[in-house]
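# Build me a model:
(chains A and B)
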Amino acid sequence: MVKTRFAPSPTGHLHIGGLRTAIFNYFFAKANSGEFILRIEDTDRERSRKEYTEAILEGLKWCSINWDDICYQSKRQDIYEKYLQELFNNGLAYRCYCSKERLEKLKQEQIEKGENPHYDGHCRNLKEEIKDKNFVVRIKLPSEDIDFKDVVHGDMHFSYKEFDDFIIRRSDGSFMYNFTNVVDDIECGITHVIRGDDHLTNTAKQIVLYRLFGKNEPVYAHVPMILGEDKTRLSKRHGAQSVLEYRDMGILPDALVNYLIRLGWSYGDKEIFTKDELLELFNIENLNNSAAVFNPEKLLWVNAEHIKLMSPRKLLEYVKPFMDKRCFDYDDDYLARAVETMQPRAETLKELASGMLFYCTAPEDYEQKGSKKYLKESVKEPLIFLLEKLKETDFSSEDELKKAFEETMEKFELKMVKIAQPVRIGLTGRSAAPGIYEMLMILGKDESVKRIKKVIDAIPYKTS
RNA sequence: GGCCCUAUCGUCUAGUGGUUAGGACGUCGGCCUCUCACGCCGAAAACAGGGGUUCGACUCCCCUUGGGGCUACCA
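Residues are numbered from 1 along each chain as shown, chains lettered A, B, ... in the order given. So this is what the prediction gives:
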């Protein structure tokens, strides 16, 4: 069975790069009826924070990236000790008592000589344990080159000379990333490791560990990284990084997932994917192999597409956090109808929420530009006529509203725009809004009449 | 510096030796129209450079250049 994992370290918020890795792992597992595990890599006691773990879980939950199981490395110390013991028993690891000062000096000397910094194996063959002296544990790096196959990059080759007897356990007793990562993947039976290609070098080191343990490594897929607009690594200065920031911006989780998965992966010409489609279609064969630039504009477009795709009722739930409190005086049926008229007109939930506010509260003032252009004395009489006509209808169908408009147009020989725009301004305060009939239908007769009356009063009489 | 990855329109990408190099975002036109959107139609826009291999290279190989990553008692 396919088993994947997402292994973030809680040293910061969940950012979009991390989320993308989680997405790849999640959809690959699920598309293959496998399991997806979440593993919090909190072995760095200095930098790991509980609040970050919570933020990561919150971000994943928001995107519906559901894990089948979760574990924390900080609670698995005994397992690591067990595996370490195995290494000791087989003479594959050793205690190193070298001071940081000696190591630093060694490094400097090597650099001066033009060599690449390497641990010199000073403690490698020490026979005796030294009591009461701090030590780290290093592995005995085998003198064998490391070859492996990566799903996206093909055959990989590293010379063992590139590495040294790297540390797997710190002097404070905690274990290091490459070690815990491998032990946990072995313990959990991870079959596929999908992660950023910034880990390519780590993978070589980790494969050394697999060999030391006599285990076969999983299938690797190193996905290209996401870059900022200037093609440098994504960071604070590229704007929003945290997944939760996108939520607060009014991005739909399905849209973020859709956008992110298409960055580095494609499925023919298809751009918009629902979660169900991804659950079925995602594969690692179509993974791309070069870094991609994050493009906020396309994200917005994808978001708009998902807004249009969603049922008004479901969308309403996502819009609610952005809605003005005055809207909560209305029931969901009413609000869902209002949302529906805004669906083709919003790129974000925030925009949608502000665009539908007029359904819940009458405009306090009228947009200046539109008023000047459309609220002219010449339409005052036609509007009064229209109002009377509207009063005679019961607002039960768009057709009868249309009839009232048509009669007005005919009688005064006016184009639709001449009367629709003043009405629109009266209804919403703006000159850009949903269709006139749908707005009237939703607002209802009483409210519509009230607002139209008010806008008629706002039109000045000619000073004749 | 060393090692590794990488290179098609501004951006995301399709392409696996023979294509008018396709799609999408964005941009610019137009249509639709009660406004704004949506939608529809159309345009401009790319194979980093140089060598090979081959009858033939965007596709394969090498070099250069550019970009990214790793090189911690971080993950």
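# Off-centre distance for whichever strand or helix holds residue A:104?
For residue A:104, the element it lies in under DSSP states H and E is helix A:100-112. In terms of C-alpha atoms, centre = their mean, to the nearest Å, the centre of helix A:100-112 is found 43 Å from the chain centre.
# Likewise for stretch A:318-337?
With C-alpha atoms, centre = their mean, you get 25 Å for stretch A:318-337.
# Then stretch A:195-210?
Using C-alpha atoms, centre = their mean, the offset of stretch A:195-210 from its chain centre is 25 Å.
# Alpha carbons only: can I get that stretch in CSV?
The C-alpha trace of stretch A:195-210 is given here as CSV (Å, rounded to 0.1, in the frame of the first residue of the first chain):
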residue,chain,number,x,y,z
ARG,A,195,9.5,16.7,-1.0
GLY,A,196,11.2,19.8,-2.3
ASP,A,197,14.3,19.3,-4.5
ASP,A,198,16.3,21.3,-1.9
HIS,A,199,16.5,18.0,-0.2
LEU,A,200,18.3,16.2,-3.0
THR,A,201,21.6,16.3,-1.1
ASN,A,202,19.9,15.2,2.1
THR,A,203,18.5,12.3,0.3
ALA,A,204,21.9,11.0,-0.5
LYS,A,205,22.9,11.2,3.2
GLN,A,206,19.6,9.5,4.1
ILE,A,207,20.2,6.7,1.7
VAL,A,208,23.5,6.1,3.5
LEU,A,209,21.5,5.6,6.6
TYR,A,210,19.1,3.2,4.9
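# could you give me the average pLDDT of it?
For stretch A:195-210, mean pLDDT is 96.
# likewise stretch A:151-170?
Mean predicted confidence for stretch A:151-170 is 95.
# Burial check on residue A:189, number of neighbours?
11 (other C-beta atoms under 10 Å). For the C-beta atoms, the positions are set from N, CA and C on the backbone; glycine is no exception.
# With the one 10 residues further on instead?
The number of residues packed around residue A:199, counting by other C-beta under 10 Å, is 18.
# out of everything not next to it in sequence, what's closest to it?
residue A:222 (6.3 Å; C-beta to C-beta, 6 or more residues apart in numbering).
# for the one you found, helix, strand, or coil?
Assigned with DSSP: H, G, I helix; E, B strand; the rest coil, residue A:222 falls in the strand class.
# Okay, strands next: where are they in chain A?
Under the criterion DSSP state E, chain A carries strands at the ranges A:3-6, A:35-40, A:69-72, A:93-96, A:136-139, A:146-150, A:154-158, A:167-169, A:192-196, A:219-223, A:226-227, A:292-293.
# near RNA strand B, anything from the first one?
Which is strand A:3-6. No - Strand A:3-6 lies out of reach of RNA strand B by C-beta under 7 Å from any atom of the strand, never closer than 11.0 Å.
# by contact count, what packs against that strand?
If contacts are counted by 3 or more C-beta pairs under 8 Å, 6 or more residues apart in numbering; DSSP states H and E, strand A:3-6 sits against helix A:16-31, strand A:35-40, helix A:177-188, strand A:192-196.
# got these as JSON lines, with distance to RNA strand B and mean neighbour count columns?
Shown next, in JSON lines, are the helices and strands packed on strand A:3-6 (distance: least, C-beta to the nearest atom of the strand, whole Å; neighbours: other C-beta atoms under 10 Å):
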{"stretch": "helix A:16-31", "distance to RNA strand B": "9", "mean neighbour count": "24"}
{"stretch": "strand A:35-40", "distance to RNA strand B": "9", "mean neighbour count": "22"}
{"stretch": "helix A:177-188", "distance to RNA strand B": "3", "mean neighbour count": "21"}
{"stretch": "strand A:192-196", "distance to RNA strand B": "8", "mean neighbour count": "21"}
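# what's the closest of those to residue A:292?
For the helices and strands packed on strand A:3-6, the distance to residue A:292 is smallest for helix A:16-31, at 9.6 Å, taking C-beta to C-beta.
# Let me see the contact set for residue A:233.
Residue A:233 makes contact with A:225, A:227, according to C-beta atoms under 8 Å, 6 or more residues apart in numbering.
# Which residues does it form beta bridges with?
residue A:227 (DSSP bridges).
# coming back round to it: what sits up against the helix holding residue A:104?
With contact meaning C-beta under 8 Å, 6+ apart, helix A:100-112 is reached by A:116-120, A:122.
# near RNA strand B, anything from it?
Yes - using C-beta under 7 Å from any atom of the strand, helix A:100-112 reaches RNA strand B at A:100, A:103, A:107.
# Out of those residues, which comes closest to RNA strand B?
Minimum distance to RNA strand B across the residues of helix A:100-112 next to RNA strand B is 4.9 Å, recorded for residue A:100 (C-beta to the nearest atom of the strand).
# shouldn't residue A:118 be in contact with residue A:162?
No - contact criterion C-beta atoms under 8 Å: residue A:118 and residue A:162 do not qualify, at 9.2 Å.
# got a list of what the nearest residue to residue A:195 once chain neighbours are set aside touches?
Computed as C-beta to C-beta, 6+ apart, the closest residue to residue A:195 that is not its neighbour in sequence is residue A:21, at 5.8 Å. Listed by C-beta under 8 Å, 6+ apart, the contact partners of residue A:21 are A:6, A:194-196, A:223.
# Try it again at 10 Å.
Counting by C-beta atoms under 10 Å, 6 or more residues apart in numbering, residue A:21 touches A:6-8, A:194-196, A:199, A:223, A:225-226, A:260.
# got it, and residue A:433?
Neighbouring residues of residue A:433 by C-beta under 10 Å, 6+ apart: A:341-342, A:345, A:355-356, A:358-359, A:421, A:424-425, A:427, A:439.
# Report the buried members of the residues of helix A:100-112 next to RNA strand B.
Listed as buried from these are residue A:103; burial here means 16 or more other C-beta atoms under 10 Å.
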